[in-house]
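Undergrad: attaching a predicted model along with its sequence, questions to come.
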Amino acid sequence: MRRVLVTGGNRGIGAAICLCLKKLGYDVIGSYHANHEQVAAFSKEHDIPFYGFDVANPSETEKKLQEILKNHGAIDCLVHNAGITRDGFFHKMTLERWQEVLHTNLFSCFQVTHPLLQGMRERNFGRLVYVTSVNAVKGQIGQTNYCAAKAGLIGFVKSLALENANKNITVNAIAPGYTGTDMVSAMDESVLAKIIETIPAKRLAKPEEIADSVAFLLSDKASYITGTTLHINGGMY
Ligand code: NDP
């Protein structure tokens, strides 16, 4: 049974990924940040262990990942899905909002990947999937911080893929379009309605539709796919 760690696995796209992989027979471990009560219920209902830590905090993440490895054993697959938005025009953006998004969405790749990669290289198997966004490739007003971070992920994925391809480790990104989760419900309704108008499919993605693509990239059917970004956006880009 393959073991997978899904960051931000307690709600939205991450929760759909956890449930999809669990159904496929993976040994699923989830992480979250601060939603303790919701996680306790979700974890119990679906029999998925969860660990709380801030992916933006290198020492906290390193410590928790070592604890996960000690408690569960080797991790075969990583889905780094945790992410945030702190939208606003760049000319009005504070350094704090800029850094928060860069640290959570991009710099976190170092601390969530590093403790797991060495074991994958030794075992000659690994699957790494990073969740970027349509806006990483398209750009979006009010999201210079988010788009910079998510575009950075794509470069990270391409390079890490090259470094590890000879170790039977694949490294890919998925780039969802607008998806029906808390992140999108936080948007102004009229802005969201205008965005949906621009989506050729004329609707948001369902989190399950994103999860299925992750499952594919983790599967043996995708063993020759590495360094790529899979776009799932209803024709938006
Ligand atoms: P949600 O806002 O619904 O959930 C975010 C998840 O990330 C939660 O599990 C949250 O944990 C976790 N998280 C946030 N900050 C941290 C942190 N500092 N440390 C650890 N965990 C953290 O997001 P979505 O499901 O909508 O998005 C999931 C991913 O998909 C993100 O990377 C997002 O950028 C990307 N994406 C989303 C799109 C969308 O339209 N929804 C479109 C394109 C990409 P907690 O519950 O504890 O706060």
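TA: Structure's in. What do you need?
Undergrad: when you work out contacts or count neighbours from here on, use the C-alpha atoms and nothing else.
TA: OK.
Undergrad: stretch 50-60 near the ligand at all?
TA: Yes - contact of stretch 50-60 with the ligand is found when judged by Cα under 6 Å from any ligand atom, involving F53, D54, V55, A56.
Undergrad: and the next element down the chain from the strand ranked longest in the chain?
TA: For the chain, the strand reaching the highest residue count under DSSP state E is reported as strand 169-176. Next helix or strand after strand 169-176 toward the C-terminus (DSSP states H and E): helix 182-185.
Undergrad: contacts (any at all) between the ligand and that following helix?
TA: Yes - counting by Cα under 6 Å from any ligand atom, the ligand is contacted by helix 182-185 at D182, M183, V184.
Undergrad: any chance of the residues you listed in JSON lines, with pLDDT, distance to L95 and neighbour count too?
TA: Below are those laid out as JSON lines (pLDDT from 0 to 100; distance: Cα to Cα, whole Å; neighbours: other Cα atoms under 10 Å):
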{"residue": "D182", "pLDDT": "89", "distance to L95": "25", "neighbour count": "11"}
{"residue": "M183", "pLDDT": "87", "distance to L95": "21", "neighbour count": "14"}
{"residue": "V184", "pLDDT": "88", "distance to L95": "23", "neighbour count": "15"}
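Undergrad: ok, the one residue sitting closest to the centre of the chain - contacts?
TA: Centroid check for the chain by Cα atoms, centre = their mean gives N81 as the closest residue, at 1.5 Å. Residues in contact with N81, defined by Cα atoms under 8 Å, 6 or more residues apart in numbering, are V6, T7, G8, G9, I13, G14, Y130, V131.
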